[in-house]
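Visitor: Predicted model, plus sequence, below.
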Amino acid sequence: MTRMKVLIVGCASEDTLHNERGQWRRTARTIGGAGLYTALAAAAMAMGKVDVSLFAPRPHPLPEQFAEAARFIEWFGPQVDPDAMPKLEIVHHGNGSATLLSASWGSEAELQSAPLLPRLAEFDLVHIAALSSAERQIEFLRVCRENEVKISAGTYARIAYGDTDRVRHLLKGCDFFFMNNNEANALVQNRTQAWADGHEVYITDGQKGVTIYHGTEQMLVPAQTAEEIDATGAGDSFCGAVLVSRLLGASPEEAARDGCRIAAKCISHVGPQGLLNLLRDPGC
């Protein structure tokens, strides 16, 4: 029997994190990126039952900090100079709140849909992680729709508020969509009516948990308690785990519980270290 395959379209990045509260009140430098977090969480949830691929700019030669992550996923895409990798600077305020101070998207411009076309038929689901603009995400949405691939996407506050109409267009074209409560405030006015057409939407809200909208159904799943060290990849980790859990047959509510478990592991460590720990030892 052929195993199912998930593709994450997005980026890996080099992140500078400033923490105002909590255990480490300092600056840390780590790897990250919405694409990489989502792919690693998907692989951690899959435990070998689903193949996970990341379509993202790949530095060559591969720096040591990315090498271990690349062991657990198929990472393909345009080869770029390591110095051209996207770079993000984020400040954490505690309780899941953070501000993106700056974003240098670097080699993200090398990520084009055309080279992906010959492989799209391989995948059961494609997730379009946050990119520099909603317009770039919509480009990938279009080619996926033309190839009848099931599609998921996420967003972030800067484009949810700054390019609202395009993000709404992206949402309407997806089978699954992920956002946090702040982003949802920008995109919808009446949540009880917004997704009655059958979209499966997950809205995370930190320690308050996640609300799932699936057609006319609405479900609240509590967050899993964890010590918050670094919340950078929480939403993307939740997303990756949910998508694989759904492919493996879980209900939306069961998948959200899996997502909360993986996200809790992620935020308990700096960068994606918690996800890498899970991939090395699923029982940890």
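Guide: Ah, there it is. Numbering: from 1, shown residues only.

Visitor: Just list the residues touching Thr164, thanks.
Guide: 186-187 (CB atoms under 8 Å, 6 or more residues apart in numbering). In this view, the C-beta of every residue, glycine as well, is placed from N, C-alpha and C.

Visitor: Could you report the distance from it to Thr232?
Guide: In this view, Thr164 and Thr232 are 24 Å apart by CB to CB, to the nearest Å.

Visitor: same question, Asn19
Guide: 10 Å.

Visitor: next one: Asp81
Guide: 24 Å.

Visitor: the more surrounded of these two?
Guide: Thr232 (26 against 12; other CB atoms under 10 Å).

Visitor: how about the strands of the stretch 1-150 of the chain, start to end?
Guide: 4-9, 13-19, 27-32, 50-55, 58-59, 74-76, 79-80, 87-94, 97-104, 125-128, 150-154 (DSSP state E, counting those that start in this stretch).

Visitor: just checking, Val270 touches Glu228?
Guide: No - between Val270 and Glu228 there is no contact under CB atoms under 8 Å: 11.3 Å.

Visitor: Quick check: which ranges of this protein have low pLDDT?
Guide: For the chain, applying pLDDT under 70 flags the ranges 1, 21-25, 192-197.

Visitor: can I get the CA coordinates of the top helix by length along it in PDB?
Guide: Counting residues, the longest helix found in the chain (DSSP state H) is helix 252-267. Extracted in PDB, the C-alpha atoms of helix 252-267 (Å, rounded to 0.1, in the frame of the first residue of the first chain):
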ATOM      1  CA  PRO A 252     -11.200  17.400  13.600                       C
ATOM      2  CA  GLU A 253     -11.400  17.400  17.400                       C
ATOM      3  CA  GLU A 254      -9.000  14.500  17.800                       C
ATOM      4  CA  ALA A 255      -6.600  16.100  15.300                       C
ATOM      5  CA  ALA A 256      -6.700  19.400  17.300                       C
ATOM      6  CA  ARG A 257      -5.800  17.500  20.500                       C
ATOM      7  CA  ASP A 258      -2.800  16.000  18.600                       C
ATOM      8  CA  GLY A 259      -1.900  19.500  17.400                       C
ATOM      9  CA  CYS A 260      -2.100  21.000  20.900                       C
ATOM     10  CA  ARG A 261       0.200  18.200  22.200                       C
ATOM     11  CA  ILE A 262       2.800  18.800  19.500                       C
ATOM     12  CA  ALA A 263       2.600  22.600  19.900                       C
ATOM     13  CA  ALA A 264       3.100  22.200  23.700                       C
ATOM     14  CA  LYS A 265       6.300  20.300  23.000                       C
ATOM     15  CA  CYS A 266       7.400  23.000  20.600                       C
ATOM     16  CA  ILE A 267       6.900  26.000  22.900                       C
END
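
Visitor: how much does the following helix or strand past that helix deviate in direction from strand 27-32?
Guide: In the C-terminal direction, the helix or strand that comes right after helix 252-267 (DSSP states H and E) is helix 273-280. Taking axes from the mean of the first three to the mean of the last three CA atoms, to 10 degrees, one finds helix 273-280 and strand 27-32 inclined to each other by 40 degrees.

Visitor: Kindly calculate the angle that helix 273-280 makes with helix 252-267.
Guide: 110 degrees.

Visitor: where along the stretch 101-250 of the chain do the helices fall?
Guide: 134-146, 157-162, 164-172, 181-187, 191-194, 234-247 (DSSP state H, counting those that start in this stretch).

Visitor: out of those helices, deepest packed?
Guide: Stretch with highest mean neighbour count among the helices of the stretch 101-250 of the chain: helix 234-247 (a mean of 28; mean count of other CB atoms under 10 Å).
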